[in-house]
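Visitor: dropping the sequence and predicted coords here.
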Amino acid sequence: MRHADALSRSVNIVEKSSNLSREKIREEQEEGDDCMRYRQYDNFWVDKDGILYYEKPKEQPHVVIPATLISTVLKFYHELPFTAHQGVHRTIQYVNKKYWWETMRQDVTQFIKGCGDGARRKTGHKAKAPLGEIPVATEFLDIVSLDIVRPLPVTERGNKYLLTFVDHFTRFCEAIPIAKQDTETIAREFVVKIITQLGVPRKLLTDRGANFTSVLIKETCKLLKIQKIQTSSYNPQANGICERMHKLLRDMISHFVRKDARNWDEYVPYAVMAYRAMPHCSTKYSPYYLVFGREMRLPIEDDWRPRFTSNTASESEHEDVRALSERLREANKAAGLQSKISHESAKRYYDRQTKLEKFKKGDTVYVHTPLTRGAKQRNFRINIRGRLKLYKGFLL
């Protein structure tokens, strides 16, 4: 099985690298001069296994990383398929949830800026038109999107397309390699791989492609009581959450595929895992946390929760169970607010670089018609027609 081969290669990477086990952490902490110095401060303490923790107000304890293990942590949280070459901000956010050392921000920034693979994949953004208003999700599965990444190299398993799913509130995603992008395949994968795992969403947002506007998709949504909504034509930015996720997934996968890229489908699950685990810039939480109420434990990690005595442990576990619902409720509330703030800020910044043209009855305009068929038409056709006059919102 090719997926098993990809998994074995990833496991070998972890096994050949320095270990991040509790035993290794404790040994390096005991030998490090910096850790010896920290032990004299009140906000540093040791659990029953001898692991040194740093505790911030209103946060979970952080494992103290000695200087000798900083490079190991940085490699694990940037270069492996499970972490997939994330940017500076996302990497700092994720590492800061579990670990602590004094120069974390500086070290992460310097390490990632020196990563040649990441630098070759990053591209700029082009602003073209003012952002319109979109429906705002208020909870998990309130609004979800489906889209297709195409065309991709045909893999050895026959896959050519990537069906993607993303929840607008939590940014929780799924990506499914498929051989065909026909309506039947999309409907089947949506029901079997997404709805049976996560539940039925209230609204489904797609583009206006024939495979998303077919009778079968409409009947499937009607049967499941899903409100089907669509983006405006020729405007992928209307489904910007999906478009941004596509770019991130392509960037992540590109670091590990062969030169012919015919094994990209082997690395899709790892890219999705990394995307779910990392804090999102809009919500400030990881998608995994907003859905499951706890942070994802990656294959490279040990169990970093502090070890207490038996009595203390039972009390701590009881408090954790009792507080889980409250934490998740507060996290979802905060995520919704942060998402709204981020959207409004992005819109203000985006709109500064654009100009909204207003027209009235009788104005003469040109019309852009980008949809063409055939390579020769795309290369030589003039995609502007006109001059045309506006009459009550229609062209004459």
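Guide: Everything's here; your move.

Visitor: okay, CA-based contacts and neighbour counts for the rest of this
Guide: Noted.

Visitor: which one is residue 216 nearest to, not counting chain neighbours?
Guide: residue 183 (7.0 Å; C-alpha to C-alpha, 6 or more residues apart in numbering).

Visitor: next: residue 301.
Guide: Leaving aside its chain neighbours, residue 301 sits nearest to residue 20 (6.4 Å; criterion: C-alpha to C-alpha, 6+ apart).

Visitor: what does residue 155 give?
Guide: residue 262 (4.2 Å).

Visitor: again, but for residue 38
Guide: Residue nearest to residue 38 in three dimensions, not counting chain neighbours: residue 44, with 6.4 Å by C-alpha to C-alpha, 6+ apart.

Visitor: bridging residues for the one you found?
Guide: residue 54 (DSSP bridges).

Visitor: quick check: it touching residue 54?
Guide: Yes. With contact defined as C-alpha atoms under 8 Å, residue 44 reaches residue 54; the gap is 4.6 Å.

Visitor: the two: who's more crowded?
Guide: residue 54 (22 against 18; other C-alpha atoms under 10 Å).

Visitor: who are the neighbours in contact with that one?
Guide: Residue 54 sits next to 43, 44, 45, 61, 62, 63, 64, 100 when contact means C-alpha atoms under 8 Å, 6 or more residues apart in numbering.

Visitor: can you say which of the residues you listed are buried?
Guide: Taking 16 or more other C-alpha atoms under 10 Å as the criterion, what is buried in the contacts of residue 54 is 44, 45, 61, 62, 63, 64, 100.

Visitor: can you list those in CSV and add secondary structure and distance to residue 332?
Guide: Shown next, in CSV, are those (DSSP: H, G, I helix; E, B strand; the rest coil; distance: C-alpha to C-alpha, whole Å):
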residue, secondary structure, distance to residue 332
44, strand, 30
45, strand, 31
61, coil, 22
62, strand, 23
63, strand, 26
64, strand, 29
100, strand, 25
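
Visitor: what segments of the stretch 51-200 of the chain are strands?
Guide: Along the stretch 51-200 of the chain, counting by DSSP state E, counting those that start in this stretch, strands occupy 52-54, 62-64, 99-100, 143-149, 161-167, 173-178.

Visitor: between those strands, which gets nearest to residue 224?
Guide: Shortest distance between residue 224 and those, using C-alpha to C-alpha, is found for strand 143-149: 14.1 Å.

Visitor: adjacent strands (with direction) for the closest one?
Guide: strand 161-167 (antiparallel), strand 203-206 (parallel).

Visitor: now do the next helix or strand after the last one, average pLDDT.
Guide: Proceeding C-terminally, strand 203-206 gives way to helix 215-223 as the next helix or strand, assigned by DSSP states H and E. Per-residue pLDDT values across helix 215-223 average out to 93.

Visitor: ok now helix 215-223, how far from the chain's centre?
Guide: What separates the centre of helix 215-223 from the centre of its chain is 28 Å, taken as C-alpha atoms, centre = their mean, to the nearest Å.

Visitor: same question, stretch 289-306
Guide: In this view, stretch 289-306 has its centroid 16 Å away from the chain centroid, taken as C-alpha atoms, centre = their mean.

Visitor: end to end, how far does it reach?
Guide: Using C-alpha to C-alpha, to the nearest Å, one end of stretch 289-306 lies 20 Å from the other.
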